[in-house]
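K.L.:
sequence first, predicted coordinates after that:
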Amino acid sequence: QLQASGGGLAQAGGSLRLSCTASGFTFDDYAIGWFRQRPGKQHEGVSCISGRDGTTYYADSVKGRFTIAYDNAKKSVFLQMNSLKSEDTAVYYCNLRHLRSQLDYWGQGTQVTVSS
């Protein structure tokens, strides 16, 4: 089960930290990431990290502002979002993708709203 939290309302330029707890998973076998769906836009990948080797990926729109990390012992993945912009307003979803089977697991979304 994936349980996301940490969304809310922030002002432009502010920060929020999203957390996702993934009970029952061994992160070594997964890519762990965050997707978002902005109003009127398609679902898009924001950031992910390999549980196998720590390789990270960031969408160009968030590079330098967002940081992904995970804590294997706590089975949690985090997304630190700094310098927020109004265009970061979206529902954010945590995701685990099995590295071999490519099977996806999704958490419930958490709303992030950035006011300008």
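P.N.:
Done, it's in.
K.L.:
got any ranges where the protein has weak pLDDT?
P.N.:
Along the chain, the model assigns pLDDT under 70 to no residue.
K.L.:
tell me which residues touch the residue nearest the centre of it, please.
P.N.:
For the chain, residue 34 is the residue whose C-alpha lies nearest the centre (C-alpha atoms, centre = their mean; 2.6 Å). By C-beta atoms under 8 Å, 6 or more residues apart in numbering, residue 34 lies in contact with 18, 20, 45-48, 68, 77, 79, 92-95. (Glycine included, C-beta is placed from N, CA and C.)
K.L.:
got it, and residue 49?
P.N.:
Each residue near residue 49 by C-beta under 8 Å, 6+ apart is listed here: 31, 32, 33, 55, 56, 57, 68, 69, 70, 77.
K.L.:
what residues are bridge-paired with the fifth one?
P.N.:
This points to residue 56. Beta-bridge pairing for residue 56 (DSSP bridges): residue 49.
K.L.:
next one: the first one
P.N.:
Beta-bridge pairing of residue 31 under DSSP bridges involves residue 50, residue 97.
K.L.:
over to the last one?
P.N.:
Note on residue 77: beta-bridge partners by DSSP bridges are residue 20, residue 70.
K.L.:
tell me the contacts of it?
P.N.:
Applying C-beta under 8 Å, 6+ apart, the residues contacting residue 77 are 19, 20, 22, 32, 33, 34, 49, 68, 69, 70, 71, 94.
K.L.:
from residue 116, how far out is it?
P.N.:
When distance is defined by C-beta to C-beta, to the nearest Å, residue 77 is 28 Å away from residue 116.
K.L.:
then residue 32?
P.N.:
30 Å.
K.L.:
who has more neighbours, those two?
P.N.:
residue 32 (27 against 10; other C-beta atoms under 10 Å).
K.L.:
now the strands: where do they sit in the chain?
P.N.:
Ranges of strands within the chain are 2-5, 8-11, 16-22, 30-37, 44-50, 56-58, 66-71, 76-81, 90-98, 104-106, 110-115, based on DSSP state E.
K.L.:
buried residues, the first one. List them.
P.N.:
Residues of strand 2-5 classed as buried: 2, 4 (neighbour count, 16 or more other C-beta atoms under 10 Å).
K.L.:
no further queries at this time; thank you.
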